[in-house]
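Student: Mind folding the following:
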Amino acid sequence: MPQTNLDLEHLGRIAECLEAYDSVFFYTADPGASSALLPFHQVAKNSGKFRSWYVEGWAKYAYLPDACPFSAQGSWAQSKEKVAVFMGQQVDFDRAYQRIKLYKSLGADVHFISDHWKDISQSFRPTPDQAYVLPDYLYVPDSAAYDKQVEWLEAHGIPRDIVQSTVVDFFHPGIERSLKLISDVSSEMRLELLSKYSANRHVITMMLDCTTKHDRKVLGFNWETALTAAMDFFIEQYDDATLLVKPHPRQSKEEVLEFLSTRACPRVHMVEEDNPERFVAISDEIWGITTVLLVVALKAGRKIKVFMPERTPAGAAESNVHIEPYIVAK
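Tutor: Numbering: from 1, shown residues only. Below you'll find the model as predicted:
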């Protein structure tokens, strides 16, 4: 059996989601959604129900298991089998809307796995002049996310009874998977990473989000202003610590390295590895902007700090109830 990185209770809940179907397909475009769907993929493979994982955008180049380029024509279109498509949220709301619409028109049940606590209602109705298209099931990470998503969907004009029959208070597969990966990091791996980055005593890792200069006009901050605020705070408050900076999977590492070179500080290093869980494992604190890894870190017992300098109301909407109490700059 492939490594699922989830306990039996969580695996059982995923298996229940797949139980009614003969064939199960997946679709993702962004990193968070892809991570959240990995446990579903593994359970579908074990049950013999998995067929294909369609990818586009970032996910097209992420070497996901059994992935194939997105197709506008589902291979099940003429099948009499009961089919489900599991997909996750993405930053391109209109594209998410079009994919849900497509898969439902091909006769599949659509299961939408939300991996965050922000307003994603535009995935189901991008503009007021469009008809809403809900997935058959919308799984949200916890009760706090459930209450907010119900509120936002109703505000977008979707009837309350339909919303409540669609939204499911589930769990966050990506978080649970990350927690298992963190617990599996060996002592040898910890020592190797600490040595590689000369990280002594107190270790902090800043997990970046891929927010651009254009995003700053909307949110009030981007990764550069947030990292600047974090480094200023670090230099002022921490005399004997190491700050590791981890780029987002969709970021250019060269761009982050160039930024750090202009702010030369011997106790700040950019990490080269892609695996974030290893850095949660070796860190005393995790810093970030809006990444779900901040919630992972909290659940793993790490201290967190959040940097959203000069945030606008739109920027505040990128936060959530779990990380809001830990904001240093906003």
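Student: Please identify the buried residues of the helix ranked longest in the chain?
Tutor: For the chain, the helix with the greatest residue count under DSSP state H is helix 31-47. Within helix 31-47, the residues that qualify as buried by neighbour count (16 or more other C-beta atoms under 10 Å) are 31-45. Where C-beta positions appear, they are placed from N, C-alpha and C, glycine not excepted.
Student: same question, stretch 313-330
Tutor: Within stretch 313-330, judged by 16+ other C-beta under 10 Å, the buried ones are 315, 318-320, 322-323, 326-327, 329-330.
Student: Now the terminal residues of that stretch, how far apart.
Tutor: Distance across stretch 313-330, first residue to last, is 11 Å (C-alpha to C-alpha, to the nearest Å).
Student: what about that stretch, average pLDDT?
Tutor: In this model, stretch 313-330 has a mean pLDDT of 92.
Student: Mind listing residues that contact it?
Tutor: Here stretch 313-330 makes contact (C-beta atoms under 8 Å, 6 or more residues apart in numbering) with 116-119, 144-145, 218-221, 226, 229-230, 233, 288-290, 294-295, 298, 304-311.
Student: Can you tell me which of these are buried?
Tutor: Buried members of the contacts of stretch 313-330, counted by 16+ other C-beta under 10 Å: 116-119, 145, 219-221, 226, 229-230, 233, 288-290, 294-295, 298, 304-309, 311.
Student: still on that earlier bit, in a markdown table: the buried residues of stretch 313-330, plus distance to residue 49 and secondary structure.
Tutor: Formatted as a markdown table, the buried residues of stretch 313-330 follow (distance: C-beta to C-beta, whole Å; DSSP: H, G, I helix; E, B strand; the rest coil):
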| residue | distance to residue 49 | secondary structure |
| --- | --- | --- |
| 315 | 41 | helix |
| 318 | 35 | coil |
| 319 | 37 | coil |
| 320 | 33 | coil |
| 322 | 33 | coil |
| 323 | 36 | coil |
| 326 | 40 | helix |
| 327 | 43 | strand |
| 329 | 47 | strand |
| 330 | 45 | coil |
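Student: Surely residue 127 is in a helix?
Tutor: No. Residue state for residue 127 (DSSP: H, G, I helix; E, B strand; the rest coil) corresponds to coil; a helix is not indicated.
Student: Contacts only, for it.
Tutor: Neighbours of residue 127 in contact, by C-beta under 8 Å, 6+ apart: none.
Student: if I look at it, how far off is residue 158?
Tutor: The gap separating residue 127 from residue 158 is 14 Å, by C-beta to C-beta, to the nearest Å.
Student: Over to residue 288?
Tutor: Residue 288 sits 31 Å away from residue 158, going by C-beta to C-beta.
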